[in-house]
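Engineer: Quick one: sequence plus predicted model below, questions after.
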Amino acid sequence: MMAAATQATLFLVPTVLAPETAGSVLSPQIREVISRTDVFFVENLRTARRFISELKTGRVIDDLTFFELHKDTPRAETQQQIRELLKSGKDAGILSEAGCPGIADPGAVAVRLAHELGLRVVPLTGPSSILLTLMSSGFSGQSFAFNGYLPIDKAERIRRIQALEKQAQTGQTQLFMETPYRNNALLEDILRVGNPRTLLCIGSNLTAPDELIRTLSIQQWREQQPDLHKKPTIFAFGI
């Protein structure tokens, strides 16, 4: 009797949040999966190649296949790539730019297609700046929402800040983020329009030696405003 074909698997592979932290924040399973996987969907090719090289698995980077998957990648292109994986029976991995694939990350497109086409999906454990901030905030972990990026337009952004602040007062923790080079501008808007008594948690450069993770009132942050420029940061309102 002929043996059944092994089902191809799509591994969701977390990456580091800060440089040179793989040994302390990634499980051995991640290194093991990467050591035997030949195909990767990646948000940034350069970052992905560097990450795999730093794990020192013995893999020759030029022997691997990388499919770029970012916000502008046509869905049909990713769909065809997954169809080819199914035909070949090859496993593949998704690598986020930082943290966990599919969370504030275009990898969710490949995951959805994998479910639609019958590819097995296996998430691996690793660091998530969103969950690390929530865990450390002291806010409700029973009811929370991640709101992604706030609007770039200043007036719209201020309205959104005020709406999230109000929603947080119902007991639902509100998490959000900004492009690192605009962090300081966002924080300035929060401190300018926010209620002085509103609690704000800032999780910045998480897992790095200089990480900041602290919950204070807006009034207290006004008195000790941190410099978040170009530092990956998650913000959270809560009670």
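Structural biologist: Yes, it's here.

Engineer: hey, let's count contacts and neighbours off CA atoms from now on
Structural biologist: Fine.

Engineer: I'd like to know how far Asp72 sits from Pro180.
Structural biologist: 20 Å (CA to CA, to the nearest Å).

Engineer: Break the protein into its domains for me.
Structural biologist: Domain assignment of the chain by automatic domain parsing yields the ranges 9-123, 129-238.

Engineer: Those: lowest mean pLDDT?
Structural biologist: Note on the domains of the chain: domain 9-123 shows the lowest mean pLDDT, a mean of 94.

Engineer: what distance separates the start and the end of that domain?
Structural biologist: 10 Å.

Engineer: Off-centre distance for that domain?
Structural biologist: A distance of 13 Å separates the centroid of the chain from that of domain 9-123, by CA atoms, centre = their mean, to the nearest Å.

Engineer: Could you shift the numbering so residue one becomes 12, and keep it that way?
Structural biologist: Noted, 12 is the first residue going forward, which turns the last one into domain 20-134.

Engineer: what about Ile213, neighbour count?
Structural biologist: 25 (other CA atoms under 10 Å).

Engineer: a helix runs through Lys67, doesn't it?
Structural biologist: No: assigned with DSSP: H, G, I helix; E, B strand; the rest coil, Lys67 falls outside any helix and is coil.

Engineer: Just the C-alpha atoms of stretch 149-167, please, in CSV.
Structural biologist: Extracted in CSV, the C-alpha atoms of stretch 149-167 (Å, rounded to 0.1, in the frame of the first residue of the first chain):
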residue,chain,number,x,y,z
GLY,A,149,-2.0,46.5,34.8
PHE,A,150,-5.1,47.1,32.7
SER,A,151,-7.8,44.6,31.9
GLY,A,152,-6.7,41.5,30.0
GLN,A,153,-10.3,40.2,30.0
SER,A,154,-11.5,42.8,27.5
PHE,A,155,-9.1,44.7,25.2
ALA,A,156,-8.8,45.9,21.6
PHE,A,157,-5.8,46.5,19.4
ASN,A,158,-6.5,49.5,17.1
GLY,A,159,-3.4,49.5,14.9
TYR,A,160,-2.2,52.7,13.6
LEU,A,161,-4.0,56.0,14.3
PRO,A,162,-4.8,58.4,11.4
ILE,A,163,-2.0,60.6,10.1
ASP,A,164,-4.2,63.6,9.7
LYS,A,165,-3.8,65.6,12.9
ALA,A,166,-7.4,66.5,13.4
GLU,A,167,-8.6,62.9,12.8
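
Engineer: So for Asp83 and Pro191, which sits in the more crowded spot?
Structural biologist: Taking other CA under 10 Å, Asp83 and Pro191 do not tie; Pro191 has more neighbours (16 against 8).

Engineer: so the more buried one sits right up against Asp238, yeah?
Structural biologist: No: taking contacts as CA atoms under 8 Å, Pro191 lies outside contact range of Asp238: 11.0 Å.

Engineer: Arg193 falls within a helix, correct?
Structural biologist: Yes: counting by three-state DSSP, Arg193 is found in a helix.

Engineer: Excluding covalently adjacent residues, which one is nearest to it?
Structural biologist: Among residues not flanking Arg193 along the chain, His240 sits closest, at 7.0 Å (CA to CA, 6 or more residues apart in numbering).

Engineer: Is that neighbour within a helix or a strand, and which one?
Structural biologist: Taking DSSP states H and E as the definition, His240 sits outside all helices and strands.

Engineer: quick one: it and Leu217, what's the gap?
Structural biologist: From His240 to Leu217 the distance is 14 Å (CA to CA).

Engineer: Against which helices or strands is the strand or helix carrying Ala59 packed?
Structural biologist: Per DSSP H and E: Ala59 is located in helix 56-65. Helix 56-65 sits against no helix or strand, with contacts defined as 3 or more CA pairs under 8 Å, 6 or more residues apart in numbering; DSSP states H and E.
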